[in-house]
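Student: Sequence first, then the predicted structure:
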Amino acid sequence: MEKNKIFAIVAIAVVIVAAVGVAYILTTNNGGNEVAETTVTDALGRTVNVPNQIDSIYSIGACSLRLVSYFDAVDKVQAIETAGTFNTRDDQTYYLVNKAKFSALPQVATTPEAILDLNPSVIITSTAEDAATADTLQAQTNVPVYVINADLEFGQAFYDQITSLGNLFGEQTRATELNEGIAQMINNITSKSTTVSTQSAYACGMFYYGGASYLKGSGNYLPFDYSNVPNAIEPAANGQPYVITLETLIANDPDYIFIDSIGLSGCIDSINEDINANTGLGNVAAVKNNNIYSTMVYKCYGTNWDNQLVNVYYVASVMNGNLYSWNFEDKANEIIDLFFPGNTVTYSDIVTGQTGNGCAKATL
């Protein structure tokens, strides 16, 4: 009897030791949340636990797929949201650069049910305006939901978002490379443009919440700020493009007009109509002196940061070209390589594939 008790005790001890061993092995092989997950902070200030190993990404809303494309994460995109937005429009450089990949992917609805079937490792979205909305989607899908801000301009908040995404993807070095590259390029412009220009400029034609128009302008246009060019219209409270009146444009009399390529042809037609209608638009300095130019698409399904940096260099070359020794198209290609390393698409290819003429002199 005593021998049986000893055997029983030994057997129990063996089971316990084995169980502890299995638990240890599972934990050391990323079985525990503390090992398998990384904590990141999204644009809403939410703490999000994402897998260390991200196998698939599903992007929802403006700029979400664009930001993914800035990292070595494109191959992890297994599906894109359904058509009906501007997510598959060639005017977005990130889509044109990755068109062969993205155009072949299935289109999946953004409903919780569809996302459950897709079962991505993480959802990246710009559509959640508050934490409650993001948390609800996360609970419905049981997938980490990381919220991005599609309306940021270059600056600390933008750099912080890139850094956070670098942590999410485990690409901290890439995030630093992108942030430092952008900051250096901006500094190359601002360090030379130390004197305020005597000539003002007006940027218009943005595709922001509605169709493009030459009376839809931006008073917060960074290419003007970086080149020390006075903006012909006032900043908006939310920093975004807004509609002005023809009377305001005439009264403010800009010396230069830059039209976003996405609405170029329509804007030129409208300008000519208003000139022919003797509204006084023909007397505006930019029109009278034919100082009208087109720029890369700035607003289309969120902020096109890659194109906007190209615009920074183009505006600088037009307004302060005597200050710089670089060639604009060479710089445009450098910018494309910075945002999309390893791609084979050139600035010329992008201009050919998109609406309008890219950065060029416009003709009325």
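Tutor: Done, it's in. The model shown is predicted, which means the values in this text are computed figures rather than measured ones.
Student: Look up which helix or strand the residue nearest to Gly280 when sequence neighbours are not counted falls in, please.
Tutor: Nearest non-adjacent residue to Gly280, counting by CB to CB, 6 or more residues apart in numbering: Ile250, 4.9 Å away. To be clear about C-beta, it is placed using only N, CA and C from the backbone, and glycine gets the same treatment. Applying DSSP states H and E as the criterion places Ile250 in helix 246-252.
Student: Give me the residues contacting that helix.
Tutor: Ser200, Tyr202, Leu215, Gly217, Ala232, Ile233, Asp274, Thr279, Gly280, Leu281, Asn283, Val284 (CB atoms under 8 Å, 6 or more residues apart in numbering).
Student: By neighbours, which of these wins?
Tutor: Taking other CB atoms under 10 Å as the neighbour criterion, Gly217 ranks highest of these with 30 neighbours.
Student: Check whether it really touches Phe224, as I assumed.
Tutor: No: Gly217 lies out of contact with Phe224 (CB atoms under 8 Å); the separation is 11.0 Å.
Student: just the strands in the stretch 201-350 of the chain please.
Tutor: In the stretch 201-350 of the chain, the segments counted as strands under DSSP state E, counting those that start in this stretch are 201-204, 216-217, 242-243, 256-260, 292-295.
Student: now for those strands, which one comes closest to Thr88?
Tutor: With CB to CB, the closest approach to Thr88 among those belongs to strand 256-260: 19.5 Å.
Student: lowest-confidence helix or strand of the chain?
Tutor: Among the helices and strands of the chain, helix 2-26 carries the lowest confidence by mean pLDDT, DSSP states H and E, at a mean of 39.
Student: what number of residues lie near Thr245?
Tutor: Quick note: Thr245 (other CB under 10 Å) scores 9 neighbours.
Student: Roughly how far does the closest residue to it other than its chain neighbours sit from Asp130?
Tutor: Nearest residue to Thr245, sequence neighbours excluded (CB to CB, 6+ apart): Leu215, at 7.1 Å. Distance of Leu215 to Asp130, given as CB to CB, to the nearest Å: 33 Å.
Student: Phe154 touches Ile189, doesn't it?
Tutor: No: in this structure Phe154 lies outside contact range of Ile189 using CB under 8 Å: 11.3 Å.
Student: ok, and the closest non-adjacent residue to Asp306?
Tutor: Leaving aside its chain neighbours, Asp306 sits nearest to Phe339 (4.2 Å; criterion: CB to CB, 6+ apart).
Student: Looking at Phe154 and Ile189, which has the bigger crowd around it?
Tutor: With neighbours defined as other CB under 10 Å, Phe154 and Ile189 compare such that Ile189 has more, 24 against 20.
Student: what's near enough to touch that one?
Tutor: Ile189 neighbours (CB under 8 Å, 6+ apart): Tyr226, Ser227, Val312, Tyr313, Ala316.
Student: got it, and Leu264?
Tutor: Gly205, Ser294, Thr355, Gly356, Asn357, Ala362 are the contacts of Leu264 under CB under 8 Å, 6+ apart.
Student: go with 10 Å
Tutor: Taking CB atoms under 10 Å, 6 or more residues apart in numbering, we find Leu264 in contact with 205, 212, 214, 292, 294-295, 297, 355-358, 360, 362.
Student: Which among the residues you listed count as buried?
Tutor: Gly205, Ala212, Tyr214, Ile292, Ser294, Thr295, Val297, Thr355, Gly356, Asn357, Gly358, Ala362 (16 or more other CB atoms under 10 Å).
Student: got the phi/psi numbers for the first one?
Tutor: Reported as degrees, to the nearest 10, the phi and psi values for Gly205 are phi 80, psi 10.
Student: Quick check: it touching Cys300?
Tutor: No: the pair Gly205 / Cys300 is not scored as a contact, 11.3 Å apart, by CB atoms under 10 Å.
Student: Verify the stated contact: Ile57 with Val122.
Tutor: Yes: using CB under 10 Å, Ile57 is in contact with Val122, at 5.8 Å.
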